[in-house]
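Visitor: here are the coordinates; sequence isn't available:
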């Protein structure tokens with residue numbers, strides 16, 4: 001799965017939906033009265049004025065697909081806001097990521113540099129990191145995703161750029177546990193390293209894990225193990241829901257030129273700083 005709670009410890013859907021529902025219930029009579037008055041006043045005017053009632057309507061949400069795997073429920077939802085369609089991934093009822101803002105996914109791709117060659121991508125998500133890597137000139141992507149359902153939705157073209165990635169000859173998508181693979185577990189079929197770069201967006205980062213089994217990856221030994229899957233000088237980049245001083249110290253102890261980039265994202269009138277960590281294989 002992609003990292004969950006990509007709106008916060010931060011940001012969950014439940015509270016926001018409940019609050020809006022209560023507000024709508026309390027305001028509904030007044031809103032209907034105002035809307036009907038405006039429509040009545042505008043009845044003899046050109047058609048744009050008749051849009052008042054349309055603009056007052058709430059956004060709509062539909063569930064495109066839903067599945068349960070290993071005790072986790074994953075859902076692909078589509079939110080229509082005015083003329084825009086926004087795709088969302090929801091894990092166990094909690095917001096994970098959407099297509100409204102993809103700057104942190106793009107920043108993760110940029111962290112490995114231009115024309116990165118062969119890249120191992122951990123976590124398919126909605127496909128924006130992989131798409132950005134192709135835009136940067138990546139020659140080939142091996143994308144490892146733990147959810148077989150999400151892979152199936154990509155192949156079925158239920159959302160873009162997932163569908164485009166599944167059709168791209170430069171992209172190979174396989175099912176597996178990327179953290180276990182990088183930590184030295186048995187190889188995954190069809191994966192042959194080393195790679196020129198690795199991009200990981202599989203959890204919220206070391207300080208806010210959704211999957212406890214990923215914890216060993218966010219240690220100094222785990223990072224060293226991941227780096228061994230790179231060519232000398234290859235780049236490893238990791239997405240995090242926020243900064244972590246201890247994790248940063250571990251990275252600098254491995255590569256003194258490691259970087260930490262904060263990526264501000266606005267979500268529902270709140271500014272959140274995600275962090276992108278990157279370092280190179282120096283041995």
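Guide: Cool, got the structure. Computed from a predicted model, the values in this text were never measured in an experiment. Numbers count the residues shown, from 1 in each chain.
Visitor: Just give me the neighbour total for the nearest residue to residue 82 once chain neighbours are set aside.
Guide: Using C-beta to C-beta, 6 or more residues apart in numbering and skipping residues adjacent in sequence, the residue nearest residue 82 is residue 59, 7.7 Å away. In short, each C-beta sits where N, CA and C put it, glycine included. The local packing of residue 59 (other C-beta atoms under 10 Å) involves 11 other residues.
Visitor: so how far is residue 128 from residue 59?
Guide: 21 Å (C-beta to C-beta, to the nearest Å).
Visitor: rewinding a little: now do the residue nearest to residue 82 against residue 221, distance only.
Guide: On the measure of C-beta to C-beta, residue 59 and residue 221 end up 46 Å apart.
Visitor: Which stretches in the stretch 1-150 of the chain count as helices?
Guide: 13-41, 52-56, 103-110, 128-135, 148-155 (DSSP state H, counting those that start in this stretch).
Visitor: where along the protein do the strands fall?
Guide: 60-69, 72-81, 84-91, 94-98, 118-122, 140-145, 171-175, 195-200, 230-240, 259-267, 270-280 (DSSP state E).
Visitor: Can I get those in TSV including mean pLDDT?
Guide: Shown next, in TSV, are the strands of the chain (pLDDT from 0 to 100):
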stretch	mean pLDDT
strand 60-69	95
strand 72-81	91
strand 84-91	91
strand 94-98	86
strand 118-122	98
strand 140-145	98
strand 171-175	97
strand 195-200	98
strand 230-240	97
strand 259-267	93
strand 270-280	95
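Visitor: for residue 146, what are its contacts?
Guide: Shown in contact with residue 146 (C-beta atoms under 8 Å, 6 or more residues apart in numbering): 1, 175, 176, 177, 178, 202.
Visitor: Also residue 138?
Guide: Here residue 138 is in contact with 115, 116, 117, 118, 119, 170, 197 (C-beta under 8 Å, 6+ apart).
Visitor: re the thing from before, now the contacts of residue 146 as JSON lines including neighbour count and distance to residue 185?
Guide: Output for the contacts of residue 146, formatted as JSON lines (neighbours: other C-beta atoms under 10 Å; distance: C-beta to C-beta, whole Å):
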{"residue": "1", "neighbour count": "24", "distance to residue 185": "18"}
{"residue": "175", "neighbour count": "16", "distance to residue 185": "14"}
{"residue": "176", "neighbour count": "19", "distance to residue 185": "9"}
{"residue": "177", "neighbour count": "18", "distance to residue 185": "7"}
{"residue": "178", "neighbour count": "26", "distance to residue 185": "10"}
{"residue": "202", "neighbour count": "27", "distance to residue 185": "14"}
